[in-house]
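Trainee: based on what follows, work out the 3D shape:
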Amino acid sequence: MGMTRSVALAVAASCLAACAVGPDFEKPAPPAAKDYGHAPMAGEVAGATGGGATQRFVAGMDIPDQWWTLFHSPKLSKLVGESLKANPDVAAAQAALRQSHELYSAQWTSFFPTVQGNFGATRQKFANNTLTAPTNSPNPTFNLYTAQLSLSYAPDVFGANRRAVESAEAQEENSRFQLEATYLTLSSNVVVTAIQEASLRGQIAATERLLVLQHQLTEIVRRQRAIGAASALDLLSQEAAEAQTAQTLPPLQKQLGLARDALTALLGRLPSEEPNETFNLDDLTLPADLPVSLPSKLVEQRPDVRQAEANLHAATAEVGVAVAAMLPQFAIDAGTGSNALQIGQLFTPGNGFWAEGASLTQTLFDVGALLHRRRAADAAMDQAAAQYRSAVILAFQNVADTLRALKADADAEKASAIADRAAGLAFELAQRQLKFGAISQTALMNAEQTYRQAEIQLVLARANRYSDTAALFQALGGGWWNRKEEEHRDG
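Mentor: Modelled structure (predicted):
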C-alpha cells in the first residue's frame, strides 16, 4: 500500500508541471533576401566547346540526391559510391549519430521512476553484556538476510527534465546533419579531385607535345647556327625557351601524383591501393541545367546551417536546465522489503517493512555558482545564435561566389576556345604554306607551339567550369532531402 501511495504522489506531482522554465526555442526566420546580390540566378552561360558547353541557371530547380551522376561518368559515380561506404570519416559520423541517439534515449528515461532491488546477507555478533539481544536465542552470533525494493523519483515540476531531453534531441539532430555534411563534403571532394586529375592529365599531355616541339626547334636553330644562318643569341634564346617549357612539366606531374593520393585516401584506402580508374575531361559531361535555390530554401538545405540551428536549439534548452537548477528540487522515495534470520523466512508474515517519503531541497547559499551557470548558459545561447547567423552568411556567400565563378568560367572558356580555334587555324594554314615553300619549318613549329599553349589554357578553362559546377551543387546542399533510401546512413 505504501508503494502504491508513493507512485500516486509521483504522478500527482508530475501533473503539477504545466510548463518548463526557460525560453522556448523559436526556429529562426529565413533571411528576407530575394536573391544573391549581383550574382546571376537565371539565364544562360555559354562556353564555346560544344557538347553541353551551354549551361542554364534555373531558379528553384530541385537537386537530385546523387547529383554527381549529372556528369554522366560511370567511373566517377562508382568511386563516389565507394567513398561513401569506405571512408572512415563517414563511419565516425555514423557512430557519433548512434551515440547521440543513445544519449537522447538515456535522457528520456528521466521521466520515469527508478526501481532498484537489493539483497544482503550479514553475519553479526552483538555485545551480550551491554546490549539487549536482538534475537530470542542465547547465542550472540546470528545471520540477517534482507531483501528490498526501493523506488526513487524526481518529479519534473519545473521542466528541467523536459529541457534536458529537448537539448539531447537537438544534439542528436546536430549529429544527423553532421553526417549529411560529411556525405556532401566527401562526394564533392571526390568529384573535384577527379576533375583536377582530368585537368592535370590534359595539361601534361599538351605540355609534353609542346616540349617535343620546343626540342625540335632547338635542333633546327642549332643546325642553323652551325652553318651561320642563326646567331648564338638565337640558339641561347631557343634553349632557354625549351628549358622553361620543361620546367613546367615536373610540377604538373607532382600535382597529378598528389591528386591520385588524395583520391585514394578519399576512398578510405592506403596509397598502395590506388584505384584503377583514371579521368580525362572527355570522360565527363558538363551538366546543362544548374539549380539555383531560392534564398528562403537555402537555409533548409545546407547541412551546416541545419547543424547551427540544432546547436542553437540545444543551447536554448540548456538555459531552461540552468534556470530549473536554481529552483526547489523535489524527490519522492519509497521502499519495501523483508528481514529474516533465516533465508527461508524472508517473506513470511511479520518480517516485512516499508518506508516512504518526499523531500524538497532549495540551495540557499553557493557563492553564486548556480547564478553563474545560468549566465554561462545565456552566453552559450548568444554564441550559438551568432554562429547560426555566421553559417547563414557563409552559405549565401558560397552560393553567390559560385554563381559569379560559373559566369566568369564560361566567359574565360569562350575566350580560350576562340584563341585555341584561331591558333589551330593558323597552324593549319602554316602547314599548307610549308607545302608550297612559303614559310620555313621553324615558322610552322612556332605556329604549332602557339596552338599547344592555347590548348593548355583551354584545358584549364574547361576544368574550372567542371569544378565550379560541382561547387554549386555543394553550396546548395547536395540534395540529401531527396534520398529515397537510407543507403549510406547507419543507425
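Trainee: so where's the stretch 101-250 of the chain shaky on pLDDT?
Mentor: 127-137 (pLDDT under 70).
Trainee: strands of that one, start to end?
Mentor: Assigned by DSSP state E, counting those that start in this stretch, the strands in the stretch 101-250 of the chain fall at 114-125, 141-153.
Trainee: adding mean neighbour count and distance to residue 467, write those strands out as CSV.
Mentor: Quick note: C-beta positions are derived from backbone N, CA and C, even for glycine. Below are the strands of the stretch 101-250 of the chain laid out as CSV (neighbours: other C-beta atoms under 10 Å; distance: least, C-beta to C-beta, whole Å):
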stretch, mean neighbour count, distance to residue 467
strand 114-125, 10, 57
strand 141-153, 16, 60
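Trainee: measure the residue nearest to residue 215 when sequence neighbours are not counted to residue 56 for me?
Mentor: Take residue 215 and drop its neighbours on the chain: the residue closest to it by C-beta to C-beta, 6 or more residues apart in numbering is residue 242, 5.9 Å away. Taken as C-beta to C-beta, to the nearest Å, the spacing of residue 242 relative to residue 56 amounts to 44 Å.
Trainee: how about residue 480?
Mentor: Plainly put, residue 480 is 24 Å away from residue 56 if you go by C-beta to C-beta.
Trainee: which one's more surrounded, the two?
Mentor: Neighbours per residue, other C-beta atoms under 10 Å: of residue 480 and residue 56, the larger number sits with residue 480, 20 against 14.
Trainee: ok, now which ones touch the more buried one?
Mentor: Residues counted as contacts of residue 480 (C-beta atoms under 8 Å, 6 or more residues apart in numbering) are 65, 180, 183, 184, 303.
Trainee: okay, it: pLDDT?
Mentor: Residue 480 is assigned a predicted lDDT (pLDDT) of 94.
Trainee: next one: residue 332
Mentor: Residue 332 is assigned 93 on the pLDDT scale.
Trainee: isn't there a strand covering it?
Mentor: Yes: with DSSP: H, G, I helix; E, B strand; the rest coil as the criterion, residue 332 is located in a strand.
Trainee: picking up where we left off before, out of the contacts of residue 480, what pair is the most spread apart?
Mentor: Longest distance between any two of the contacts of residue 480 is 12.9 Å, between 65 and 303; criterion C-beta to C-beta.
Trainee: quick check: neighbours shared by the two?
Mentor: Residues touching both residue 65 and residue 303 (C-beta under 8 Å, 6+ apart) are 478, 480.
Trainee: ok, back up a step: isn't the residue nearest to residue 215 up against residue 217?
Mentor: Yes: the pair residue 242 and residue 217 passes the contact test of C-beta atoms under 8 Å, sitting 7.3 Å apart.
Trainee: want to try CSV for the contacts of residue 480, with distance to residue 289 and neighbour count as columns?
Mentor: Output for the contacts of residue 480, formatted as CSV (distance: C-beta to C-beta, whole Å; neighbours: other C-beta atoms under 10 Å):
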residue, distance to residue 289, neighbour count
65, 16, 16
180, 23, 24
183, 23, 25
184, 20, 23
303, 23, 21
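Trainee: between the residues you listed, which is closest to residue 288?
Mentor: Using C-beta to C-beta, residue 65 is the member of the contacts of residue 480 that sits closest to residue 288, with 19.1 Å.
Trainee: leaving out the residues flanking it, which one is nearest to residue 180?
Mentor: Spatially, and ignoring its direct neighbours in sequence, residue 180 is nearest to residue 303 (4.1 Å; C-beta to C-beta, 6+ apart).
Trainee: what about that neighbour, distance to residue 147?
Mentor: Distance of residue 303 to residue 147, given as C-beta to C-beta: 53 Å.
Trainee: re earlier: pretty sure the residue nearest to residue 180 is touching residue 475, no?
Mentor: No: judged on C-beta under 8 Å, residue 303 makes no contact with residue 475 at a distance of 11.6 Å.
Trainee: buried residues, stretch 259-278. List them.
Mentor: By neighbour count on 16 or more other C-beta atoms under 10 Å, the buried set for stretch 259-278 is 259, 260, 262, 263, 264, 265, 266, 267, 268, 269, 277.
Trainee: excluding sequence neighbours, find me the nearest residue to the last one.
Mentor: Closest residue to residue 277 in three dimensions, ignoring its sequence neighbours and counting by C-beta to C-beta, 6+ apart: residue 75, at 4.4 Å.
Trainee: mind listing what the one you found touches?
Mentor: 277, 279, 283.
Trainee: same thing but 10 Å
Mentor: With contact taken as C-beta atoms under 10 Å, 6 or more residues apart in numbering, residue 75 is in contact with 194, 275, 276, 277, 278, 279, 283, 284.
Trainee: so among these, where is pLDDT lowest?
Mentor: Minimum pLDDT for the contacts of residue 75 is recorded at residue 283 (91).
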